[in-house]
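Engineer: What follows is a predicted structure for the sequence shown.
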2 protein chains.
Amino acid sequence: MRTNEENGARPAAAARGAVVAVDWGTSSFRGWLLSAEGEVLAESRGHEGMLHCSGTGFAPVLRDHLARLGAGEGTQVLICGMAGARQGWVEAPYLKTPTRLDALHEGAVRIDAATDIRILPGVAQARADRPDVMRGEETQLLGVTEPDFTGLVCIPGTHSKWVRIEAGHLIEFSTYMTGELFSVMSQHSILVHAVEAGSPPSAESQPFRDGLAMARAAPTGLTASLFRLRAGQLLGFEQRADGAARLSGLLIGTEIADAVHRHGAQQMLRLIGAGALGGLYEAALREAGFDVRVVDAEAASRRGLAKAAINIWGAKV
Amino acid sequence: MRTNEENGARPAAAARGAVVAVDWGTSSFRGWLLSAEGEVLAESRGHEGMLHCSGTGFAPVLRDHLARLGAGEGTQVLICGMAGARQGWVEAPYLKTPTRLDALHEGAVRIDAATDIRILPGVAQARADRPDVMRGEETQLLGVTEPDFTGLVCIPGTHSKWVRIEAGHLIEFSTYMTGELFSVMSQHSILVHAVEAGSPPSAESQPFRDGLAMARAAPTGLTASLFRLRAGQLLGFEQRADGAARLSGLLIGTEIADAVHRHGAQQMLRLIGAGALGGLYEAALREAGFDVRVVDAEAASRRGLAKAAINIWGAKV
């Protein structure tokens, strides 16, 4: 793999490039020039996510990244993520559950441009009792599952997803606001006094494990446990330095407790994780009894885009 | 009862005043001139709560309110609430659970001043597994319970309290961040798109009742239900105008579901409530199976202060 800095001077890569795959999120852009075999020839990243591009436009941002990737004229581009939202570049309407993951490409929307640029759809659970939406994760799911896969997948993040897949069909899913609750409560509530900003906790730290245990013991009591985090420090039982780890354990533990309640534990689970957060989920999920197989989140996006590209443009990609 | 405007010109009231009772919270001041029989002779309110007074000092604020109340020179003053916090006027250290409610006055701290001014203590649950604190609510509890009272009390608010009292002893309590979660999530999370600021919902509104039902059906799933509130609107199942009522129902319902899990329903409960929020809790608690008796929150504070004043200064108050 070559980074921006390297590939700028190596247009030779472009000649071998078959397709550009882009994961275009709310606040980030990640693009890869892929070979026909799905090998990464070059990579380009930036902070020009959907929010940024709503102002500047999407086309110029993509053009710049294509140049940095050294993509040849007319190289096909496949995009997933928030670029296909209503507030994005062009809306790619949601597919509805249940849906085959390998049918994602059928919902792709083509940009009105000289070259072939398409955006993959998100998936909606259009049920009045459990409405839910995803954009980007469906492509990761395609990337990490075989056509006949049956099982659970967990994708941690600002809005964590739990997904049930049966025989390659996305059957149902739930989104947990775990990551957003962490950041909002630690910045805008009284917990600002109890949580220090800083590096994420380690999965072995005692306050993280205490937070998990608290959630397991009182899975209905999150809104009281949050206050106890502050009260425990006021009364000298806990230190402010431990607040972030405990809050993290409490929120992740509450998410997992609900998922276990819904799906049961003691089963195979694929975890699409990355970095420190992935490590925290992995430890918490194993402790809850899941048989966890970890897949890197970026690799999942890339593989999903490559699979969908083959479905669209054929094996020549 | 006379308000500020009226009593300014009626110093005659002062002659009958036996004690000044003050509920001094984080962001509000409420003072009453009480007769020896506990009758309200005059009232004075302001926004000079603890946060305000940390800058200006507490003594001048009290002096102004005593003048407005028409309190005579040397009238005794009894205060409850955040004025007794570490960041308040003078710290009145917490009593520890279990504690007799009618022993609150024994923990009162006297201000170093020419007249007799005292601040009642808060109560702490100094248990590592369920640390918790209150300041102000303990005085309301004293106000609404007989010396041998046994039962549950719920005090809704930014930080709702559920309190178990046995034979006049405060045995244990839990604080739920229900009100703060409502305001923080509706202002600082993606729910800003799903919740309109405005007047509180009515207890009969369908989205409020839907929120309660959602919490009852999935008491461990709050962090997913919060996201569904947004997704339901994106997918056209719900209207933004209904978001606040649904969020309110969801959070109040989650609090009550946990309390029912802990204490059981089908029992007598005193609700120290006020205004629209009190009405929402009353409806939700009845629906959950409680036999609710509502007591006005301000009357509870006043009665608690009057009872404690008699315990301190004797029946001459």
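Structural biologist: Received the coordinates, thanks. None of these values were measured; they are calculated from a predicted model.

Engineer: now the residue positioned nearest the centre of chain A: how far from residue A:121?
Structural biologist: Centroid-nearest residue in chain A, with CA atoms, centre = their mean: residue A:137, separated by 5.3 Å. Note on residue A:137: its distance to residue A:121, by CB to CB, to the nearest Å, is 12 Å. No exception for glycine: its C-beta is placed from N, CA and C like everyone else's.

Engineer: same thing with residue A:65?
Structural biologist: 22 Å.

Engineer: swap in residue A:30?
Structural biologist: 19 Å.

Engineer: likewise residue A:131?
Structural biologist: Counting by CB to CB, the gap from residue A:131 to residue A:121 is 17 Å.

Engineer: can you pull the contacts of residue A:146?
Structural biologist: residue A:168 (CB atoms under 8 Å, 6 or more residues apart in numbering or on different chains).

Engineer: quick revisit: hang on, isn't the residue nearest to the centre of chain A packed against residue A:163?
Structural biologist: Yes. In this structure, residue A:137 is within contact of residue A:163 by CB atoms under 8 Å, at 7.5 Å.

Engineer: Now do the shared contacts for those two.
Structural biologist: In contact with both residue A:137 and residue A:163: residue A:155, using CB under 8 Å, 6+ apart.

Engineer: ok now the helix or strand containing residue A:45, how far from the chain's centre?
Structural biologist: Assigning secondary structure by DSSP states H and E places residue A:45 in strand A:40-46. How far strand A:40-46 lies from its chain's middle: 18 Å, per CA atoms, centre = their mean, to the nearest Å.

Engineer: Same check on stretch A:239-251?
Structural biologist: 23 Å.

Engineer: One more: stretch A:247-261?
Structural biologist: For stretch A:247-261, the distance to the chain centre is 18 Å (CA atoms, centre = their mean).

Engineer: can you pull the buried residues of it?
Structural biologist: A:247-260 (16 or more other CB atoms under 10 Å in any protein chain shown).

Engineer: nearest residue to residue A:168 other than its sequence neighbours?
Structural biologist: Counting by CB to CB, 6 or more residues apart in numbering or on different chains, residue A:168 lies nearest to residue A:147, which is 4.8 Å off, once chain neighbours are set aside.

Engineer: number of nearby residues for the one you found?
Structural biologist: 11 (other CB atoms under 10 Å in any protein chain shown).

Engineer: show me the contacts for the closest residue to residue A:96 other than its chain neighbours.
Structural biologist: Once flanking residues are discounted, residue A:96 sits nearest to residue A:126: 5.2 Å by CB to CB, 6+ apart. Residue A:126 makes contact with A:94, A:96-97, B:235, according to CB under 8 Å, 6+ apart.

Engineer: Now do residue A:126 against residue A:91, distance only.
Structural biologist: 16 Å.

Engineer: again, but for residue A:237
Structural biologist: From residue A:237 to residue A:91 the distance is 51 Å (CB to CB).

Engineer: ok, now residue A:112?
Structural biologist: Residue A:112 sits 13 Å away from residue A:91, taking CB to CB as the criterion.

Engineer: Between the two, point out the one with more neighbours.
Structural biologist: Taking neighbours as other CB under 10 Å, residue A:112 and residue A:91 compare with residue A:91 leading, 15 against 6.

Engineer: my guess is that one meets residue A:83, correct?
Structural biologist: No. Between residue A:91 and residue A:83 there is no contact under CB under 8 Å: 9.8 Å.

Engineer: Excluding residues flanking it in the chain, which one is nearest the residue lying farthest from the centre of chain A?
Structural biologist: Here chain A reaches farthest from its C-alpha mean at residue A:235, the gap being 38.4 Å by CA atoms, centre = their mean. Nearest non-adjacent residue to residue A:235, counting by CB to CB, 6+ apart: residue B:131, 4.8 Å away.

Engineer: Now the residue nearest to residue A:168. Its backbone dihedrals?
Structural biologist: Main-chain dihedrals, residue A:147, degrees, to the nearest 10: phi -60, psi -30.

Engineer: Tell me the spacing between it and residue A:165.
Structural biologist: Taken as CB to CB, the span from residue A:147 to residue A:165 is 11 Å.

Engineer: Then residue A:133?
Structural biologist: 17 Å.

Engineer: Contact partners for residue A:167?
Structural biologist: Residue A:167 touches A:148-150, counting by CB under 8 Å, 6+ apart.

Engineer: Tell me how far it lies from chain B.
Structural biologist: 25 Å (CB to the nearest CB, to the nearest Å).

Engineer: mind giving me the domain ranges of chain A?
Structural biologist: A:4-139+A:302-313, A:178-297 (automatic domain parsing).

Engineer: out of these, nearest to residue B:37?
Structural biologist: domain A:178-297 (37.9 Å; CB to CB).

Engineer: Just the mean pLDDT for that closest one, thanks.
Structural biologist: Averaging pLDDT along domain A:178-297 yields 95.

Engineer: Which members of the buried residues of stretch A:247-261 occur in helices, if any?
Structural biologist: A:247-260 (DSSP state H).

Engineer: Can you name the residues of the stretch 151-300 of chain A sitting close to chain B?
Structural biologist: A:159, A:174-178, A:180-181, A:184-185, A:187-190, A:218-224, A:226-228, A:231-232, A:234-235, A:237, A:251, A:254-255, A:257-258, A:261-262 (CB under 8 Å from any CB of the partner chain).

Engineer: Any of those buried? List them.
Structural biologist: A:159, A:174-178, A:180-181, A:184-185, A:188-190, A:218-224, A:226-228, A:231-232, A:234-235, A:251, A:254-255, A:257-258, A:262.

Engineer: starting at the chain centroid, how far to the strand or helix carrying residue A:224?
Structural biologist: Assessed by DSSP H and E, residue A:224 sits inside helix A:222-234. Distance of helix A:222-234 from the chain centroid (CA atoms, centre = their mean) equals 29 Å.

Engineer: Please name every helix or strand in contact with that helix.
Structural biologist: helix A:206-217, helix A:243-263, strand B:132-134, strand B:169-176, helix B:178-188, helix B:222-234, helix B:243-263 (3 or more CB pairs under 8 Å, 6 or more residues apart in numbering or on different chains; DSSP states H and E).
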